[in-house]
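**Q** Build me a structure from this.
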Amino acid sequence: MQTLIHLFRNNIREYGMVIALVFITALFWFLTDGVNFKPLNITNLILQNGFILVLAIGMVLVIITGNIDLSVGSIVAFIGAIAGVLIINNNVPVWLAVAIALLAGALIGVWQGFWVAYVGIPSFIVTLAGMLIFRGLTLYLLDGQSLAPFPESFQKISSGFIPDVFGGASIHIFTLVLSAVLSIVLIYLDFRKRKIQLQYNFEVIPIWITIAKLALLILAINWFMYQLALNKGIPTVLVIVIVLIIVYTFIMKNTIMGRHIYATGGNKKAADLSGIKTKRVVFWVFVNNGLLAALAGLMFAARLNSATPAAGNMLELDAIAAVFIGGASMAGGVGTVIGAIVGGLVMGVMNNGMSLIGVGIDWQQAIKGMVLLIAVGFDVYNKNKG
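**A** Predicted coordinates for the structure are as follows:
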């Protein structure tokens, strides 16, 4: 019991939000009589929140460096407008339009990263200006009108599903096979990590806790994948998000770049004295965020099947809220990709659940605001206590 308490205290940021996600999900299961656990609703939850999770991955890196980006919602709209003008108005091939849109997002990141990193203007001001600039450019490109529809090949970015190579009729067999393979891989990786820690005489948690944790994780994954298999299988959006989670988690945990990002946010002066080129780190973090915002913009436009001037409105606040709810710190230097995803899922499950039980948009906004305030207050309390 003492081991469990010690483990929880040392990982309170990580485990606290996972427990909160489980609690919120269970609460809405009770309030909706299980509707939120139905396969169709779970699939819709992924489709509705995939682009927010992509934004949260980019945003968490920015916030870890001690900065913030208020422009991502406007970038989402601007990139959707670029895609609409290219594909719908000018019949540009979808693959080329996607490439141009992603390049435009990266160039936006270059623009904002330059002002923040090399000129020294606070990120709040630069990205607030960006919010206005790119919203204005969106209105100019679209002339205040919506463009629709996109071709089916473009829509599949947000509405497509991985085909079942096994030809399942009533259930998506490929999803079940992938779930089993994923479970085996997770077991192997966890025990391999434990073996390496023991070889180097590192402190490890008791084996029974490792087995219990793995059992709960695998049970959750297989249940989740089974629900997807009962509908249409794995959405393309989920594949995009999982690939990004794996890539960015690896970067932040296992690369020099990841360590430099944490060092820059933790103590910029100390990082400078250590030889870290902090300006370059901040610059590339903004370039990366522009690229991921562009990807989210394409996903959002594909989801709506239109490019509209109002697209992406308030999405920057959803992304920022997801990052802070997921355990990132306002001061910088703290935060994880997984935490941002958990925070995004908390927001998504709350939005979906409140809509299912008929809570009005006014109260939805108020409740989300309170959750954000409580999450940041919890972070400040733990920091002061420590």
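
**Q** CA-only coordinates of stretch 209-218, as PDB, when you get a sec.
**A** What follows is stretch 209-218, C-alpha atoms only, in PDB (Å, rounded to 0.1, in the frame of the first residue of the first chain):
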ATOM      1  CA  ILE A 209       2.100  -3.400  -9.800                       C
ATOM      2  CA  THR A 210       3.700  -3.700 -13.300                       C
ATOM      3  CA  ILE A 211       1.400  -6.600 -14.100                       C
ATOM      4  CA  ALA A 212      -1.700  -4.900 -12.700                       C
ATOM      5  CA  LYS A 213      -0.900  -1.700 -14.700                       C
ATOM      6  CA  LEU A 214      -0.400  -3.600 -17.900                       C
ATOM      7  CA  ALA A 215      -3.600  -5.600 -17.400                       C
ATOM      8  CA  LEU A 216      -5.700  -2.500 -17.000                       C
ATOM      9  CA  LEU A 217      -4.100  -0.800 -20.000                       C
ATOM     10  CA  ILE A 218      -4.500  -3.800 -22.200                       C
END
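
**Q** next one: stretch 364-380 to chain centre, how far?
**A** Relative to its chain's centre, stretch 364-380 lies at 18 Å (C-alpha atoms, centre = their mean, to the nearest Å).

**Q** Need the mean per-residue confidence for that stretch.
**A** When pLDDT is averaged over stretch 364-380, the result is 81.

**Q** buried ones in it?
**A** In terms of neighbour count (16 or more other C-beta atoms under 10 Å), stretch 364-380 has its buried residues at 368, 371-372, 375-376, 378-379. Quick note: C-beta positions are derived from backbone N, CA and C, even for glycine.

**Q** Where helices are concerned, which of those residues count?
**A** In helices, defined here by DSSP state H, the members of those are 368, 371-372, 375-376, 378-379.

**Q** returning to that earlier point: okay, the buried residues of stretch 364-380 in CSV with distance to Ala56 next?
**A** Converted to CSV, those look like this (distance: C-beta to C-beta, whole Å):
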residue, distance to Ala56
Lys368, 14
Val371, 15
Leu372, 13
Ala375, 14
Val376, 16
Phe378, 18
Asp379, 16
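
**Q** Pick out the most distant pair among the ones in helices among the buried residues of stretch 364-380.
**A** Lys368 and Asp379 (16.9 Å; C-beta to C-beta).

**Q** okay, now the domains of the protein?
**A** Per the record, the chain has its domains at 7-160+235-385, 161-234, by automatic domain parsing.

**Q** Could you identify which of these is most buried?
**A** Compared across these, domain 7-160+235-385 shows the largest average neighbour count, a mean of 19 (mean count of other C-beta atoms under 10 Å).

**Q** Looking at the buried residues of stretch 364-380, spot the one nearest Leu107.
**A** Leu107 lies nearest to Leu372 out of the buried residues of stretch 364-380, by C-beta to C-beta, at 31.1 Å.

**Q** Show me the helices in the stretch 1-150 of the chain, by range?
**A** Assigned by DSSP state H, counting those that start in this stretch, the stretch 1-150 of the chain shows helices spanning 2-10, 12-31, 39-64, 72-84, 94-113, 123-142.

**Q** nope, the stretch 201-350 of the chain is what I meant
**A** Under DSSP H, counting those that start in this stretch, the stretch 201-350 of the chain gives helices at 207-230, 236-254, 256-266, 268-273, 278-304, 315-325, 337-356.

**Q** Let's have the ones you listed in JSON lines, adding distance to Ile19.
**A** Shown next, in JSON lines, are the helices of the stretch 201-350 of the chain (distance: least, C-beta to C-beta, whole Å):
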{"stretch": "helix 207-230", "distance to Ile19": "12"}
{"stretch": "helix 236-254", "distance to Ile19": "20"}
{"stretch": "helix 256-266", "distance to Ile19": "25"}
{"stretch": "helix 268-273", "distance to Ile19": "33"}
{"stretch": "helix 278-304", "distance to Ile19": "28"}
{"stretch": "helix 315-325", "distance to Ile19": "13"}
{"stretch": "helix 337-356", "distance to Ile19": "10"}
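
**Q** nearest to Leu186, of the ones you listed?
**A** Leu186 lies closest, by C-beta to C-beta, to one member of those: helix 207-230, at 6.6 Å.

**Q** That closest one packs against which elements?
**A** In terms of contacts (3 or more C-beta pairs under 8 Å, 6 or more residues apart in numbering; DSSP states H and E), helix 207-230 is packed against helix 2-10, helix 39-64, helix 173-199.

**Q** Please work out the average pLDDT along it.
**A** 90.

**Q** change the start of the numbering to 4 and stick with it
**A** Taking 4 as the first residue, the last one we looked at is helix 210-233.

**Q** what does that helix contact?
**A** Applying C-beta atoms under 8 Å, 6 or more residues apart in numbering, the contact partners of helix 210-233 are 6-7, 10, 40-42, 45-46, 171, 174-176, 178-179, 181-183, 185-186, 189-190, 193-194, 197, 207, 237-238, 241.
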